[in-house]
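Visitor: Build the 3D model from these lines:
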Amino acid sequence: MADGSAGFAFTPAVETATAGVWDKVRGHVTPLEWRLQAPLIAEINRLKREKNAVVLAHNYMTPDIFHGVGDFVGDSLGLAREAARSDAAVIVQAGVHFMAETSKVLCPDKRVLIPDLRAGCSLAASITADDVRLIKQRYPGLPVVTYVNTTAAVKAETDVCCTSANAVQVVEEVARQWGVERVILLPDEFLARNVARQTPIRIISWHGRCEVHERFTAADIAELREAWPDAEILAHPECPTEVLEAVDFAGSTAAMSDYVTKRKPRRVVMITECSMADNVACDAPETEFVRPCNLCPHMKRISLENIYEALLHDRYEVTIDPAVAVRARAAVQRMIDLPPPAVPARYDLVRARHHVDVELI
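Guide: The predicted structure follows:
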């Protein structure tokens with residue numbers, strides 16, 4: 001730890017201040033780790049009060065961050081929307097860079113900090129604003145729907161954004177409004193393929209993939225079934241279609257979390273980033289979690305140490321060209337203005353209504 005943070009001691013005052021967090025995470029953090037983490041958690045929470053700051057903790061953060069210092073927790077768009085409603089002056093994004101940009105887009109008057117500038121995203125990096133402009137030239141007159149897992153510059157070239165929870169709804173609503181039968185859905189190839197199985201709208205997409213979710217295979221699911229036949233298996237729609245066809249439930253991080261906390265299955269497998277299961281497990285102690293997960297190296301660049309440094313030194317501020325931010329905000333706002341789905345989308349590919357493939361650009 002830099003700048004003296006290593007000198008924080010696990011005092012009785014720290015133990016008392018962090019007791020509630022310890023009660024929640026004690027099954028997922030060792031006592032030795034906790035004696036190192038608790039002083040930082042206490043100091044970060046003190047700095048937040050001093051600087052009128054909040055920490056947005058994505059579902060893929062480790063439990064010490066998610067439950068210890070996260071003021072708002074959830075998926076990237078949900079975090080940004082909560083931040084926009086708060087009266088905080090400073091936002092620390094415990095997530096990756098595109099999430100910090102989304103927070104800045106929706107909170108232009110707030111200072112947004114990212115604890116590590118190297119916290120990127122393979123999916124967001126897979127497409128550029130120039131790519132989108134060329135796609136629009138190739139398919140004139142078709143609406144462009146872009147996943148929130150993209151840069152602000154890409155969002156600025158977009159007609160409307162979507163999340164994994166509402167992608168089917170957004171595609172169908174945009175097709176209705178534009179009076180078209182084809183929609184461009186960027187940049188996630190697997191999300192697009194899985195949406196295409198749920199709607200009659202023809203999907204044109206890109207070859208972007210999440211490096212965490214693309215590594216899961218149908219063979220992985222078959223092995224899990226054999227080893228734990230009573231486990232309920234959940235997967236994220238950024239996984240390949242053959243994975244979603246083999247699981248019991250597929251949906252966004254919010255949908256998977258709701259599934260576990262409401263259904264309370266005896267044993268569950270979450271096919272997504274590793275920390276997702278750890279964080280849900282803290283809120284679902286009656287469920288046993290099998291963890292055949294993949295780590296996101298970008299998410300894991302965020303730590304208690306660099307969150308502390310970001311708050312202490314106002315390090316590293318995220319800025320966006322105002323003209324880009326205005327256009328990106330419009331794309332996000334068009335999605336927000338759509339009527340919310342009654343429930344988060346479930347990608348039920350076993351009983352898919354449509355069996356059409358996407359057109360990859």
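
Visitor: buried sites along stretch 133-151?
Guide: Within stretch 133-151, the residues scored as buried using 16 or more other Cβ atoms under 10 Å are 135-136, 139, 142-151. For every residue, glycine as well, the C-beta is placed using N, CA and C.

Visitor: what sits up against the strand or helix carrying residue 50?
Guide: If you go by DSSP states H and E, residue 50 is part of helix 31-51. Defining contact as Cβ atoms under 8 Å, 6 or more residues apart in numbering, one finds that helix 31-51 is touched by 1, 5, 8-11, 13-15, 17-18, 21-22, 25-26, 29, 53-55, 64, 68-69, 71, 89-90, 304-305, 307-308, 311-312.

Visitor: Count the neighbours of residue 308 for me.
Guide: Residues lying near residue 308 (other Cβ atoms under 10 Å) number 24.

Visitor: Let me see the contact set for residue 201.
Guide: Here residue 201 is in contact with 171, 172, 175, 181, 182, 183 (Cβ under 8 Å, 6+ apart).

Visitor: Go again with 10 Å.
Guide: 168, 171-172, 174-176, 180-183, 185, 195, 354, 356 (Cβ atoms under 10 Å, 6 or more residues apart in numbering).

Visitor: Dihedrals phi and psi, it?
Guide: phi -70, psi 130 (degrees, to the nearest 10).

Visitor: So for stretch 278-289, what gets flagged as buried?
Guide: Within stretch 278-289, the residues scored as buried using 16+ other Cβ under 10 Å are 278, 279, 280, 281, 282, 284, 287, 289.

Visitor: no wait, stretch 303-313
Guide: Buried, per 16+ other Cβ under 10 Å, within stretch 303-313: 303, 304, 305, 306, 307, 308, 309, 310, 311, 312.

Visitor: low-scoring stretches of the chain, by residue?
Guide: By pLDDT under 70, the low-scoring segments of the chain are 1-7, 340-355.

Visitor: let's see it at 50
Guide: Within the chain, the segments meeting pLDDT under 50 span 1-4.

Visitor: how about the strands of it, start to end?
Guide: For the chain, applying DSSP state E gives strands covering 53-58, 72-74, 90-94, 111-113, 144-147, 160-162, 182-186, 202-205, 232-235, 249-250, 267-271, 288-290, 359-360.

Visitor: who touches the second one?
Guide: With contact meaning Cβ under 10 Å, 6+ apart, strand 72-74 is reached by 54-59, 61, 65-67, 78-83, 85-86, 88, 91, 94, 252-254, 257, 279.

Visitor: Tell me the spatial nearest neighbour of the residue nearest to the spatial centre of the chain, not counting adjacent residues.
Guide: Geometric centre of the chain, nearest residue: residue 75, 4.1 Å, by Cα atoms, centre = their mean. Closest residue in space to residue 75, ignoring its immediate chain neighbours: residue 253 at 5.1 Å, by Cβ to Cβ, 6 or more residues apart in numbering.

Visitor: Could I get the contacting residues of that neighbour?
Guide: Applying Cβ under 10 Å, 6+ apart, we find residue 253 in contact with 58-60, 74-76, 78, 163-165, 236, 270, 272-273, 276, 279-280, 344.

Visitor: just residue 54 next, same as before
Guide: Contacts for residue 54 (Cβ under 10 Å, 6+ apart) come out as 48, 69-72, 79, 82-83, 86-92, 110.

Visitor: switch the cut-off to 6 Å
Guide: Residue 54 makes contacts with 71, 86, 88, 91, as judged by Cβ atoms under 6 Å, 6 or more residues apart in numbering.

Visitor: Any figure for the gap between it and residue 339?
Guide: Residue 54 is 28 Å from residue 339, where distance means Cβ to Cβ, to the nearest Å.

Visitor: try residue 156
Guide: Note on residue 156: its distance to residue 339, by Cβ to Cβ, is 25 Å.

Visitor: do the same with residue 53
Guide: According to Cβ to Cβ, residue 53 and residue 339 sit 33 Å apart.

Visitor: for residue 258, same thing?
Guide: For residue 258, the distance to residue 339 (Cβ to Cβ) stands at 19 Å.

Visitor: Tell me which of those two has more neighbours.
Guide: residue 258 (15 against 8).
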